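Q: sequence first, then the predicted structure:
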Amino acid sequence: MSREEKLHIVIAEMSPVLSAGFSQCLRRLPGIQANIMEVKTPGALADCVKSNNPDLILVNPTFGGIFNPEHFRAETSCGNCMIVAIEVGKLSRQAAELYDGLISVIDDIDTISKKIKTLCNPQGNSPDEKENLSQREKEIISLVVKGLTNQEIADKLFLSIHTVITHRRNIARKLEIHSATGLTIYAIVNKIVDIDEIKL
């Protein structure tokens, strides 16, 4: 992200205190210029996303009842937009996996800045990020290089297809590998799969 580039961020939070707090915090992040929009209702969020095409949505998982990122993406066609949960209380692992990331109300400004830069600026990854694959991401790499489709992976791991796609996008970003061949080589070299398990 260049210094001149501005991020368009929507905060979907019904609490005026949390919404205003995040808005002020995001305006003070070092190295990030942010255009902030605050919305209080699901309808306003959908309209805002359709008309403004934001880079990032910060949303309380209880927004409008229970917010479902997968359904929201399908309804608004915001496939390229990152959806990040505002973590007020501890989210279950299953709920957290629906989002592209988590930002906690207790995160300090440096932590929030780092999280947003990582989400919105894949080229700015630190050299050791390749070592930060989650166990779930390693499982998905293993299944991808074994030839399973996204739907087959979703069925096998009891995930939604959107969650699988999100994991694959995060894997590609972290590893900077965008081909099946490159991913296969990475998986073999890093002992995620045995060469005998791969369909040639």
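A: Right, received. Where do you want to start?

Q: which residues of the protein fall in helices?
A: Secondary structure of the chain (DSSP state H): helices at 16-27, 42-52, 69-76, 93-96, 109-120, 135-145, 150-157, 161-175, 180-189.

Q: so what touches the last one?
A: This means helix 180-189. Residues from elsewhere that reach helix 180-189, judged by C-beta atoms under 8 Å, 6 or more residues apart in numbering: 141-142, 144-145, 171, 175, 177, 192-195, 198. For the C-beta atoms, the positions are set from N, CA and C on the backbone; glycine is no exception.

Q: now, of the residues you listed, which are buried?
A: Buried by 16 or more other C-beta atoms under 10 Å: 141-142, 144-145, 171, 175, 177, 192-193, out of the contacts of helix 180-189.

Q: re the thing from before, a markdown table please, covering the helices of the chain and showing distance to Leu102 and mean pLDDT.
A: A markdown table is the format used below for the helices of the chain (distance: least, C-beta to C-beta, whole Å; pLDDT from 0 to 100):
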| stretch | distance to Leu102 | mean pLDDT |
| --- | --- | --- |
| helix 16-27 | 13 | 90 |
| helix 42-52 | 18 | 89 |
| helix 69-76 | 12 | 83 |
| helix 93-96 | 6 | 81 |
| helix 109-120 | 8 | 81 |
| helix 135-145 | 14 | 90 |
| helix 150-157 | 20 | 92 |
| helix 161-175 | 13 | 87 |
| helix 180-189 | 25 | 86 |
